[in-house]
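> Just to be clear, the model below is a prediction. Sequence and coordinates:
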Amino acid sequence: MLQTPDVTLPLARFVAASGWEEVPAEVRHQAKRSFMNLFAVALAGCRAGPVEIALHSLCEFSGGKRATLIGRTERIDALSAAFLNAAAANVHDFCDTHLRTVIHPTAPVAPALLALAELRKVTGPQLLLAFILGNEIQARIGLAISPHHYDKGWHITSTCGVFGAAVGAGKLLGLDERQLVSALGMASTQSSGLCECLGLPAKSVSVGNAARNGLWSALLAEKGFAGPAEPLAGRQGFYHAMGDEPDLALVTGGLGDSFEIMATSYKPYPCGFVIHPVLDCVLDWRRDHPDAEVARIVVRGNPLLAHRTDRPEISTGRESQVSVQHAVAAALVHGKAGIDQFADACVNDPRVVVLRRKVEVVRDRSFSTIAAAVDITTADGAMHRLSQTAARGSDVNPMSDHELEQKLRTAAASWNPKHDVGPLIDAVWSLDSSADVSGLASLAVAA
């Protein structure tokens, strides 16, 4: 099966042949929603510690100042901008999620396209189409190996995101199907990222590299740099090297019939999405019982919840983003679940530390990844049974357009209360009529 030919070529052929007029209206709108969310999460993360360090490191080697850093006045070369904007978008675990694969789809793709749009003239429809196609290809490559690829420890946002960035950038560059195969080949040999790095600054390296290396792969292919004919399903290609047994029908079957971007979930909380249904339960209960003394909390959810977030002993804000114990404790203490609740200060709050130790996590395969139940026992012995069947922000319980706008406004105000992102919001909603998007990212920089 791994030697089956013509898996990569049909993807390249589909991308090369796809036109804007073939994209349904609801898919176009979802792409704009993804850009709205991208600017929100990148503004939230643009001055996080790992991003600051990475910027200072990359500046030493950057001779160009042609590309925008979201939320910052500094400019840098396009490849480094793709890296830094992707890292900023993902650093707080606040970015969107494709639930079937657990890929964060926008962070590796959109920054590569925004950087390229400052080098070449790109229209709004071209930007959106390239983004939709990059999203589609990375999701399909990931679907063929989910969930075991992620379970093995591969950070699928990074390992598959590089393909999305390469395809999207290749579409903007007008690559033909042969060149797109080469771009995917270059991407395949740069595909990397480990879940062992989750909760640490090192996570940002692979996410940033997915955007940077995907963009570079397309630029190399444009210049005639050649890759293998079958980088995905070849005998020593991506799937075989990663130790996966793929369902190749999920890679190429029904291309164009539907779009995976419609399965995108947008996060109301800056932490792993499997924690979100738990937070829905806890925050709703906390609003109704602000003064209750909690004696014990039992959380039941999909095994992935425990596998990735059963971390009672943490010491940093980065770790807290993948700790369900911390999320529950912080929400109960503060009645909120924003960026401040996943910062070092909250992690070391004595009240939160005590409450974290009262949280037990139970694996239950009857729950989907967007569902959970929470039993809270109070000091008076009363038991409060809570449940959420579809987390807020999930594709079946989505955030509204207005809520996404507010997420962006809140993120901008967190760094600069005077930053008016109204023009950026208007520009995103009108992307499909824009003749030139080279100035889009600059609208995310406060005057």
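Structure received.
> From now on I want contacts and neighbour counts done on CA atoms only, so please keep to that.
Fine.
> so who does the residue nearest to D77 when sequence neighbours are not counted touch?
Distances taken as Cα to Cα, 6 or more residues apart in numbering put G64 closest to D77, at 4.5 Å, once the chain neighbours are dropped. Counting by Cα atoms under 8 Å, 6 or more residues apart in numbering, G64 makes contact with 76-78.
> for the record, mean pLDDT for stretch 236-255?
Across stretch 236-255, the average pLDDT comes to 93.
> List the buried residues of it.
237-240, 242, 244-246, 248, 250-252, 255 (16 or more other Cα atoms under 10 Å).
> And those residues, which is closest to D6?
Closest approach between the buried residues of stretch 236-255 and D6, by Cα to Cα: T252, at 9.5 Å.
> Against F273, how distant is the most centrally placed residue in the chain?
Closest to where the C-alpha atoms of the chain average out (Cα atoms, centre = their mean) is H104, at 2.6 Å. Look at H104 and F273: by Cα to Cα, to the nearest Å, they are 10 Å apart.
> check contacts around T378.
Contacts of T378 (Cα under 8 Å, 6+ apart): 292-296, 384.
> now those: which count as buried?
For these, buried by 16+ other Cα under 10 Å: 294, 296.
> got the contacts of T378 as CSV, with secondary structure columns?
What follows is these, written out as CSV (DSSP: H, G, I helix; E, B strand; the rest coil):
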residue, secondary structure
A292, coil
E293, coil
V294, strand
A295, strand
R296, strand
H384, strand
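> export the contacts of T378 to TSV and tack on pLDDT and distance to P417?
Formatted as TSV, these follow (pLDDT from 0 to 100; distance: Cα to Cα, whole Å):
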residue	pLDDT	distance to P417
A292	95	34
E293	96	36
V294	97	36
A295	97	39
R296	97	39
H384	97	39
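> picking up where we left off before, now, which of the buried residues of stretch 236-255 sits nearest A390?
L250 (25.1 Å).
> Quick check: phi and psi on R28?
phi -60, psi -40 (degrees, to the nearest 10).
> Could you measure from the residue lying closest to it once chain neighbours are set aside over to G439?
Excluding the flanking residues, the one nearest R28 by Cα to Cα, 6+ apart is L128, at 7.0 Å. L128 sits 15 Å away from G439, going by Cα to Cα.
> These two: which is more packed in?
L128 (27 against 15; other Cα atoms under 10 Å).
> Check which helices and strands the helix or strand encompassing the more buried one is in contact with.
Here L128 sits within helix 124-143, counting by DSSP states H and E. With contacts defined as 3 or more Cα pairs under 8 Å, 6 or more residues apart in numbering; DSSP states H and E, helix 124-143 has these neighbours: helix 25-45, helix 106-117, helix 156-172, helix 249-252.
> out of these, nearest to V322?
helix 156-172 (15.5 Å).
> What mean pLDDT does whichever helix or strand comes after the closest one get?
Per DSSP H and E, the first helix or strand lying C-terminal to helix 156-172 is helix 177-188. For helix 177-188, mean pLDDT is 98.
> repeat for stretch 216-227
Per-residue scores along stretch 216-227 average to 97.
> In it, which residues are buried?
216-222, 226-227.
> end to end, how far does it reach?
End-to-end for stretch 216-227, by Cα to Cα: 13 Å.
> Can you give the contact residues for it?
79, 166-167, 169-170, 173, 175, 179-187.
> again with stretch 431-439
Counting by Cα under 8 Å, 6+ apart, residues outside stretch 431-439 touching it are 28, 32, 114, 117-119, 121-125, 127-128.
> what's the first-to-last distance across it?
Stretch 431-439: ends 12 Å apart by Cα to Cα.
> now do stretch 341-352
Terminal-residue distance, stretch 341-352 (Cα to Cα): 10 Å.
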